[in-house]
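Undergrad: coords below, sequence missing:
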């Protein structure tokens, strides 16, 4: 890969997220879209025509295995249903493909460990697709937090929600144990973003959830205990107005990221304050976090570098999500350490 300037991509599924992801591959400087596949006849071709009309050389397959057998595909993006991620990630790895797997990578930390073992054996790169982490606004927030401006981090509040629309009702068809509901769809963002600001591992989790008839959770709230009086409060829902924000409070002040799910043309806003009376609102340049994610992963494969989001990070996040699920189901505190 060292002599190549572009990573050749295939997309394993015609999911709705291709509205953002497929153009990001096309626009990325170090990526090339080679193929897309779907099990639904004609869906891959339709998706390609809709979101990548200029990609006349890209192939559309009606069989996922055909894409995995395509020797011109170096890496695959996997945007399938949550409960299918682990299986198809392993299949792609066995086919010798690098894998960018849409969050959540799997529904259990044990499955992620199996993916890690397979990736090591086949010498491929695998990363969980939390696109938001590649937006520069989060690097700015982390820079300010680590500067000590706000003192020691004492709490983080992460809120993610949107009203469920008819076109998205498929998210509630499966019980939460099978990957349906808000926990695996947007709860993973809440946990992941809160964890950015604590270096220590959490020691306990408590959560409450409400469910629909299928057994999918539609709303959840809870607390992650990081020890020594440091907590992360999370809240996520499919029945509340759109929010994607987090706030970090320290011993000397705090900072808020107002919109985590940024569109490419949006102006990111972060605001902060300190106990001594300083207040500031920063407006940052727009950025496409999907494109930045693709460019980062492509660069890692082409240059043999480790991804910013490791498989240890994926396992740690999943363990907390499993604890949230267990706490809500059993109505008790779940100790992690």
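TA: Received, thanks. This structure is a prediction, so every number in the text was calculated from the model and none was measured.

Undergrad: sketch out the low-pLDDT regions of this structure for me.
TA: Along the chain, segments meeting pLDDT under 70 span 1-2, 167.

Undergrad: repeat that for 80
TA: Within the chain, the ranges that satisfy pLDDT under 80 run 1-3, 166-169.

Undergrad: state which helix of it is the longest.
TA: For the chain, the helix with the greatest residue count under DSSP state H is helix 311-330.

Undergrad: quick check: end-to-end length of stretch 120-136?
TA: 30 Å (CA to CA, to the nearest Å).

Undergrad: correction: the previous question concerned stretch 193-213.
TA: Span of stretch 193-213 from end to end, CA to CA: 29 Å.

Undergrad: same check on stretch 275-295?
TA: 39 Å.

Undergrad: other SSEs contacting the longest helix of the chain?
TA: helix 109-122, strand 126-129, helix 188-195, strand 204-211, strand 217-225, strand 334-335 (3 or more CB pairs under 8 Å, 6 or more residues apart in numbering; DSSP states H and E). Every C-beta, even on glycine, is put in place using the N, C-alpha and C of the backbone.

Undergrad: give me the angle between the third one and strand 217-225.
TA: Translated: helix 188-195. With axes from the mean of the first three to the mean of the last three CA atoms, to 10 degrees as the basis, helix 188-195 and strand 217-225 are set at 10 degrees to each other.

Undergrad: before we move on, back to that, flag every buried residue along the longest helix of the chain.
TA: 311, 313-325, 327-328 (16 or more other CB atoms under 10 Å).

Undergrad: now stretch 188-202
TA: Buried residues in stretch 188-202, defined by neighbour count with 16+ other CB under 10 Å: 188-198, 202.

Undergrad: of those residues, closest to residue 90?
TA: Checking the buried residues of stretch 188-202 against residue 90 by CB to CB gives residue 188 as the nearest, at 19.8 Å.

Undergrad: can you tell me how far the closest one is from residue 220?
TA: Relative to residue 220, residue 188 is positioned 11 Å away (CB to CB, to the nearest Å).

Undergrad: same deal with residue 294?
TA: Remark: distance between residue 294 and residue 220 (CB to CB) = 30 Å.

Undergrad: ranges for the strands of the stretch 51-200 of the chain?
TA: 59-61, 75-78, 98-102, 126-129, 153-161 (DSSP state E, counting those that start in this stretch).

Undergrad: for the first one, packing partners?
TA: Spelled out, that is strand 59-61. By 3+ CB pairs under 8 Å, 6+ apart, strand 59-61 packs against strand 31-37, helix 43-51.

Undergrad: among those, which is nearest residue 77?
TA: Across the helices and strands packed on strand 59-61, closest to residue 77 is strand 31-37 (CB to CB), at 9.2 Å.

Undergrad: residue 104 contacts residue 115, correct?
TA: No: counting by CB atoms under 8 Å, residue 104 stays clear of residue 115, with 11.7 Å between them.
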